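Asks: Make a model of this:
(3 chains)
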Amino acid sequence: MKPRFKTSYDADIDRFQGHWHRVQYLLLIALALAAPWVLGSYYVGELSSVLVWSLAGMGVMLLVGHTGQVSLGHAAFMAIGAFTHLALMLRGWPFLPALLAATLSSGISGALLALPILRLSGIYLAIATLALGVLVEDLAIVAEPITGGVRGLAAPPIELLGMTIDRHGTPIAFYYLCLAVVVLVTLAYANILRSPTGRAFIAVRDSEISARALGVNVTRTKTLAFALSCAITGLAGALYAHLIQAVNFESFLVIISIAMLLQVIVGGLGAIHGAFFGAVVIVALPQGIAISRDLLADVGIRVVAYPGLDMAVFAVIIIVLMVLEPRGLYGVWLRVRTWFQLFPLYRKGMFRRARSYLKTERLK
Amino acid sequence: MDTLQLLISGIANGCIYGLIALGFVLIYKASESVNFAQGDMMILGAFLAIALLNTDQADLPFLLGLAIAGLSLGVFAYLLDALLLRRVFGQPQLTMVILTIALGFVLRFVIGAIWGHDPVGLDSPVVGQRLSIGGLTVPVIDAVIIGTTVFLVAVLWLFFARTRLGLAMQASSQNQMAAYYMGIPVKRVVSLVWAMSGVMAAIAGVLFAAKGAVEPSAGLVFGIKAFAAAVIGGMGSLPGALAGGLLIGIMEPFAGRHLPSHIAQVSPYALMLLVLILRPSGLFAQVRAKKV
Amino acid sequence: MSLLEVNNVSLSFGGIRAIDGVSFDVNPGEVFTIVGPNGAGKSSLFNLISRFYEPAAGSIRFDGQDLLACKPHEVIDSGIARTFQNIELFDHATVLDNLLIGRHSRRRTYWFEDLLFLPRVRREEQEHRRAVEEVIDFLELAAYRDRMIQGLPYGVRKVVEIAQALVSRPKLLLLDEPAAGLSVEETENMAWWIEDMQKDLGLTIVMVEHDMGLVSRVSDRVLAIAEGRPLVEGAPGEVQAHPEVIRAWLGGVDE
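Replies: Numbers count the residues shown, from 1 in each chain, chains lettered A, B, ... in the order given. Below is the predicted model:
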């Protein structure tokens, strides 16, 4: 590891730590821009899917990974975003204003719901959000004028900059649209993390008492985190509606909320990277299972298609990670990177966690 | 009369919710976390019993099959804690929540892969029989469910109040560190609590399968509902869990009759949200605050 | 005029009187120490001043203002910073980030400015950073700047917590058992830090401490309390030798 000499405070404040860091991310963007020209249209669609889930994952990550508030009902906010967006577009709104309105409406509903719910903590918060997720499933049927009831709504094609963008008709354009949204949100997220707002989130996550003593208005901070998180998730919901072309109450079942939480945990809590790693797993896993089944069939081994196999494999990955590397795939990535940087000096146990003892919430 | 019948059916359902909720609370008290796989463990118990008892399956004598199903779930839960969950002991609550959620997915898959996804009922000696008391016809199974629950609760109460192990469990749930210093093997005690809640899940599963039919995916919904029961009663209180279960069990059929179906379906969750917001420690528990 | 006036405050927990009519004044620039046996209500007094607890009776004034009108997160704005008995740092962040969080009360940007990282946010960040570096130099924490709190030795974490309180440039610092859990050498260092903060920074310090060596070395005045009630107030030597204090400490030795 080469030491880096910092000559100004800006070196720490800047988004990128040095030129090499900046170059790495520029390369990543270049790769993402070039990908559609290399891959077939099916895989471009899969990449768009990764981007949409990354976006949703960032929403969850902001709340769970950076503010420490668990949510098992985030699909509810995806639903609010998706239904608002489609309902407005079907009433003649152009794409961008509808997208913005969807983002705002999910953010605002998040803020309103946050007020009563965020007084709860830990498991109670998880349960309350879970209940919220279940409630929205049925609300999506009841609110028929907006949501189209049981049948749901179909996504109209997107008219943008004189182009007609459609997930199947013009997969590459749709991919670029998702990419643009994801890059913008990622930049904003990174900005938050390097500024007082993000530090207040982290303070609330690690010690509410101390945060309060240092002047953080805990209620307001949690509400803001919830609102921002729901806004990002709602935005993801709107794009998701275009991705799957038609949404109804079944598109946002509670199981999707749970999967979103598991996604950021697999990816690694407390780092934006985690949302992306998790999204890759979510999208690639069913593919991987299908491909390996085909491969097995080619060599003559017939495997019955078990329903729920991808979720079960995903769950096993979660269990193994939770026991061995609670920081998720991002943690694994950090280890691998450090191993290469320090080669041959890496020793086992460098990342050993300090054992934290049971933090009781009961009165002694 | 009709209302009374609805009430009894609701109480029987509520007893099953209550038993699962008791399992939640037992584990919550022992390890300060929630077993989100409790509903799936119940379904596992139900399918085990069906495999052992149904005439087209192993066709064992009823009580023998019941005992085997209960014991295997107990051993399963014990090993689960001893081999897996103990390794994350001391990490934040969320860790265990996630682990058990993931476990639920695995269980659901395994059950579906072995027994298929169609609803199956349990052939019990009392299936389809009805009991008539002065104009009121009650399915015998409802009476059996209520009787079994009363019996189990009495056994649990005696166990916690009278036996050394029960006292040790109480002690470790109140202060693990102090219990450890007093020479209580806390880790083993926690595993035993898991075993107990496993047995309870199996019994609840058997009762559930005998009353209606089970399918692998029922565990999630049932678990969440029983969870609502535990929350409504107050997570720290065993009698509260039972009361919460009864409340939900009774509420459901009446809401189903008098409210539009979508609203009736979500009424347990809406009630839970209300309770969480207005009285987070549950309807039946005393309020305790965290010390700074 | 005194900086902090605690006037006849009482505090009850469900019918139990934790604090019963305690009064004291703290003058600008002095180190004022509260001593007492375990459970005497020392930390509760701190929690009253931090506004974590609501007093049943009495008043607390700071710098001429009524402190009881503040919410807990507004206390630091009025110029009071504190540390905790069991260290409440942000474990999964670096020392630098912990200290920057300590500047929270001085932030002037709104969240949407942060979101866009406007030039003003950068200027503010540079300002925060300068303030933090001053404290890092003062408390000699440069070696730990980029380390995670999680892996730091206990003694260093105690100093980091004080640094976190200092970066907001408070007038009054509340130290809850600064020497608890420290070795003899670390306690010695802590005494130096306290003296430096008093002399170089002109800070007023209110401290709760058990280590009587440290107490008599750094304190200007000492208040002894027991069972929530004040016993004696005076110079460290006087208080330590007072028969009431000795009786309260040794407990029930009547003859």
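
Asks: In this structure C:Tyr107 contacts C:Glu125, no?
Replies: Tyr isn't right for residue C:107; it's Arg. No. Counting by Cβ atoms under 8 Å, C:Arg107 does not reach C:Glu125; the two are 9.8 Å apart. The C-beta positions use only the backbone N, C-alpha and C, and glycine is treated the same way.

Asks: who has more neighbours, these two?
Replies: C:Glu125 (23 against 20; other Cβ atoms under 10 Å in any protein chain shown).

Asks: I'd like to know how many residues surround the closest residue in space to the more buried one that isn't next to it in sequence.
Replies: Nearest non-adjacent residue to C:Glu125, counting by Cβ to Cβ, 6 or more residues apart in numbering or on different chains: A:Ile13, 4.9 Å away. A:Ile13 has 16 neighbours, counted by other Cβ under 10 Å.

Asks: all helices for the stretch 51-200 of chain A, in order.
Replies: A:75-90, A:95-117, A:122-142, A:144-147, A:171-193, A:196-206 (DSSP state H, counting those that start in this stretch).

Asks: does any bit of the second one sit next to chain B?
Replies: In other words, helix A:95-117. Yes. Legend: contact between helix A:95-117 and chain B by Cβ under 8 Å from any Cβ of the partner chain is shown at A:Pro116, A:Ile117.

Asks: what about the residue of the stretch 101-250 of chain B found nearest chain C, how many neighbours?
Replies: Ranked by Cβ to the nearest Cβ, the top residue of the stretch 101-250 of chain B for proximity to chain C is B:Met177, at 14.6 Å. B:Met177 has 13 neighbouring residues, counting by other Cβ under 10 Å.

Asks: what does C:Arg123 give?
Replies: By other Cβ under 10 Å, the residues close to C:Arg123 number 11.

Asks: State the pLDDT value of it.
Replies: For C:Arg123, the pLDDT comes out at 89.

Asks: so it is in which element?
Replies: Per DSSP states H and E: C:Arg123 is located in helix C:119-138.

Asks: and the helix or strand immediately after that helix in the chain, is it in reach of chain A?
Replies: Per DSSP H and E, helix C:119-138 leads on to helix C:154-166 as the next helix or strand towards the C-terminus. Yes. Helix C:154-166 comes into contact with chain A (Cβ under 8 Å from any Cβ), by way of C:Gln164.

Asks: Is helix C:154-166 positioned near chain B?
Replies: No. Legend: contact between helix C:154-166 and chain B by Cβ under 8 Å from any Cβ is lacking; minimum distance shown is 15.1 Å.

Asks: Report the closest residue of chain A relative to chain C.
Replies: For chain A, Cβ to the nearest Cβ, closest residue to chain C: A:Gly215, 3.2 Å.

Asks: residue contacts, that residue?
Replies: A:Gly215 is in contact with C:His73, C:Glu74, C:Val75, C:Ile76, C:Asp77, C:His104, C:Ser105, C:Ser168, counting by Cβ atoms under 8 Å, 6 or more residues apart in numbering or on different chains.

Asks: mind giving me TSV with the residues you listed and columns for secondary structure?
Replies: Formatted as TSV, the contacts of A:Gly215 follow (DSSP: H, G, I helix; E, B strand; the rest coil):
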residue	secondary structure
C:His73	helix
C:Glu74	helix
C:Val75	coil
C:Ile76	helix
C:Asp77	helix
C:His104	helix
C:Ser105	helix
C:Ser168	coil
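
Asks: if we look at chain A, which of those residues are close to it?
Replies: Okay, of these touching chain A (Cβ under 8 Å from any Cβ), that's C:His73, C:Glu74, C:Val75, C:Ile76, C:Asp77, C:His104, C:Ser105, C:Ser168.

Asks: And the pLDDT at the closest residue to A:Pro157 other than its chain neighbours?
Replies: Nearest in space to A:Pro157, with sequence neighbours left out and distances taken as Cβ to Cβ, 6+ apart, is A:Asp166 at 4.4 Å. Note on A:Asp166: pLDDT of 81.

Asks: What does the residue lying farthest from the centre of chain A show for phi and psi?
Replies: For chain A, the largest distance from the centre (Cα atoms, centre = their mean) belongs to A:Gly300, which lies 38.9 Å off. Note on A:Gly300: backbone dihedrals following degrees, to the nearest 10 are phi 100, psi 10.

Asks: From A:Arg293, how far out is it?
Replies: According to Cβ to Cβ, to the nearest Å, A:Gly300 stands 13 Å off from A:Arg293.

Asks: Repeat that for C:Leu223.
Replies: C:Leu223 is 76 Å from A:Arg293, by Cβ to Cβ.

Asks: Neighbour count for the two, which is higher?
Replies: A direct count of neighbours by other Cβ under 10 Å for C:Leu223 and A:Arg293 places C:Leu223 higher, at 24 against 17.
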